[in-house]
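Q: Here is my input, please return the structure:
(one chain, ligands or ions: 2)
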Amino acid sequence: MTTPIIQPSISVKTLSESPNLKSIPSNYVNSDIYPFDFIASKPHDYSNSIPTVDFSLLTSIDPHQRSQAINNLNKACQEWGFFMVVNHGIQESLIKKVIDGTQGFFNLREEEKKEFEGKHVLDPIRYGTSFNTSKEKAFFWRDYLKVFVHPKFHSPSKPDRYSDIMWEYCEKVREVTKVLLGGLSQGLGLEECYLEKTLEMKSGFQIFIANYYPCCPQPELALGMPPHSDHGLLTLIIQNQVGGLQVQHQGKWIHVNALPNSLLVNTGDHLEIFSNGKYKSNVHKVVVNNTSPRISVAVAHGPSLEAIVSPASPLVQSETNYIPMKYKDYMEMQQSNQLHQKSILEQVKIHRN
Ligand SMILES: O=C(O)CCC(=O)C(=O)O
Ligand SMILES: [Fe+2]
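A: Ligands and ions are numbered 1, 2, ... in the order given. As a prediction, this is how the structure comes out:
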């Protein structure tokens, strides 16, 4: 049994707090859209096999250690498109502040959060629910806050100190990303700074995405986020202690059991394009539960919004596999449509038979 349709403009946090909510409104039911056991099935728990990248080895002055770390990173991106970074040097206390500040934001009154609603997908601050309610048949059990933080830093004015915390965290996470991208550039057989220069990373786009997935009375019918890949190059994710992220690997869904204090990293569509298909963007989804709200903060890093991205020329021997496109246009297209698998990447992919 499900409750009748409610207006999509209400946040799922507010909805989940309605007294005696025993079932979800029918317009949040995703189980009709996805195959029967897609949401409720127990995911494979191969968490132990998820690749781990030791960041301290990647920055080691010992060339042997560094080259082993690059091989490891290269393998993780080729085989999974997903890995966990440990020893990254971002303090646990800062990560906690980001999560607590995010909780503080979502705890604001609905009218206060609505001040940050945003009207267009390219508005630098955008609070909302689901992914794109104007295009979706069924909504997702997720509220979000999306903020453009680089090259120009924006932030919501509430709650107190959230802006400072966001700024400090985004600077640090951008530094970590820079090192990872340098390693990946070398993993592709290019110079360490090749990717950074070609994609104009000095004015690279960085977006802070805070996600709130409240407790859900029927988690077997709802989805936090549908299967999708991210735009951009690398997305770095932190979460409260609550799991829910699942990544696709060799056709199976793997539940991500995050190592304490690790950064979870997804490869995005533009890394796939830039590498001419060597590093496939990862498909992931988020499931919800009925015991604890989940908070995650995903910071996505892409080229400059003005960069026209195509496969790196040294990697194109005879065939380019992707049509060049301005990153800004790609992002706008992704954000204005339904989020579904790799549907946007498919539009620039060249299929040969
Ligand atoms: O909540 C998560 O762990 C992942 C969120 C996500 O996939 C996204 O914001 O693109
Ligand atoms: Fe994602």
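Q: which non-adjacent residue is nearest the residue of the stretch 101-250 of the chain found nearest ligand 1?
A: In the stretch 101-250 of the chain, no residue comes nearer to ligand 1 than residue 245, which is 3.8 Å away by Cβ to the nearest ligand atom. No exception for glycine: its C-beta is placed from N, CA and C like everyone else's. Once flanking residues are discounted, residue 245 sits nearest to residue 256: 4.4 Å by Cβ to Cβ, 6 or more residues apart in numbering.
Q: so the one you found touches residue 242, yeah?
A: No. Using Cβ atoms under 8 Å, residue 256 is not in contact with residue 242; the gap is 11.5 Å.
Q: neighbour count winner among the two?
A: Using other Cβ atoms under 10 Å as the criterion, residue 256 and residue 242 rank with residue 256 on top: 21 against 17.
Q: so who does the more buried one touch?
A: 47, 50, 82, 243, 245, 246, 247, 264 (Cβ atoms under 8 Å, 6 or more residues apart in numbering).
Q: Any quick PyMOL command for the buried ones out of those residues?
A: Remark: buried members of the contacts of residue 256, expressed as a PyMOL selection using 16 or more other Cβ atoms under 10 Å:
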select buried, resi 50+82+243+245+246+247+264
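Q: quick revisit: ok, now how distant is the residue of the stretch 101-250 of the chain closest to ligand 1 from residue 254?
A: Note on residue 245: its distance to residue 254, by Cβ to Cβ, to the nearest Å, is 10 Å.
Q: for ligand 1, what are the nearby residues on this protein?
A: 209, 211, 225, 230, 237, 239, 245, 284, 286, 296, 298 (Cβ under 6 Å from any ligand atom).
Q: May I have the phi/psi pair for the third one?
A: Residue 225 has phi and psi values of phi -150, psi 140 when expressed as degrees, to the nearest 10.
Q: For ligand 1, what's the nearest residue on the chain?
A: Per Cβ to the nearest ligand atom, residue 296 is where the chain lies closest to ligand 1, at 3.4 Å.
Q: who does that residue bridge with?
A: Beta-bridge pairing for residue 296 (DSSP bridges): residue 211, residue 239.
Q: Mind pulling up the pLDDT for it?
A: For residue 296, the pLDDT comes out at 98.
Q: contacting residues around it?
A: Counted by Cβ under 8 Å, 6+ apart, residue 296 has contacts 210, 211, 213, 237, 238, 239, 240, 244, 245, 286.
Q: Report the backbone C-alpha coordinates of stretch 335-347 in CSV.
A: The C-alpha coordinates for stretch 335-347 follow below in CSV (Å, rounded to 0.1, in the frame of the first residue of the first chain):
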residue,chain,number,x,y,z
GLN,A,335,21.5,18.3,-15.3
SER,A,336,18.4,19.1,-17.4
ASN,A,337,17.5,15.5,-18.2
GLN,A,338,16.6,12.4,-16.3
LEU,A,339,19.5,10.8,-14.6
HIS,A,340,19.8,7.4,-16.1
GLN,A,341,22.8,5.1,-16.5
LYS,A,342,25.2,6.6,-19.0
SER,A,343,22.6,8.1,-21.3
ILE,A,344,24.3,11.5,-21.7
LEU,A,345,27.7,10.0,-22.5
GLU,A,346,26.0,7.8,-25.1
GLN,A,347,25.2,10.9,-27.0
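Q: Could I get the contacting residues of the spatially closest residue to residue 263 that is not a sequence neighbour?
A: Closest residue to residue 263 apart from its sequence neighbours, by Cβ to Cβ, 6+ apart: residue 85 at 4.3 Å. With contact set as Cβ under 8 Å, 6+ apart, residue 85 has these partners: 52, 53, 55, 176, 180, 236, 262, 263, 265.
Q: Which stretches in the stretch 1-150 of the chain count as helices?
A: 12-16, 55-58, 63-79, 92-107, 110-114 (DSSP state H, counting those that start in this stretch).
Q: List the buried residues in the helix ranked longest in the chain.
A: Longest helix in the chain, counting residues (DSSP state H): helix 162-187. Of all the residues in helix 162-187, those buried under the rule 16+ other Cβ under 10 Å are 162-163, 165-166, 169-170, 172-174, 176-187.
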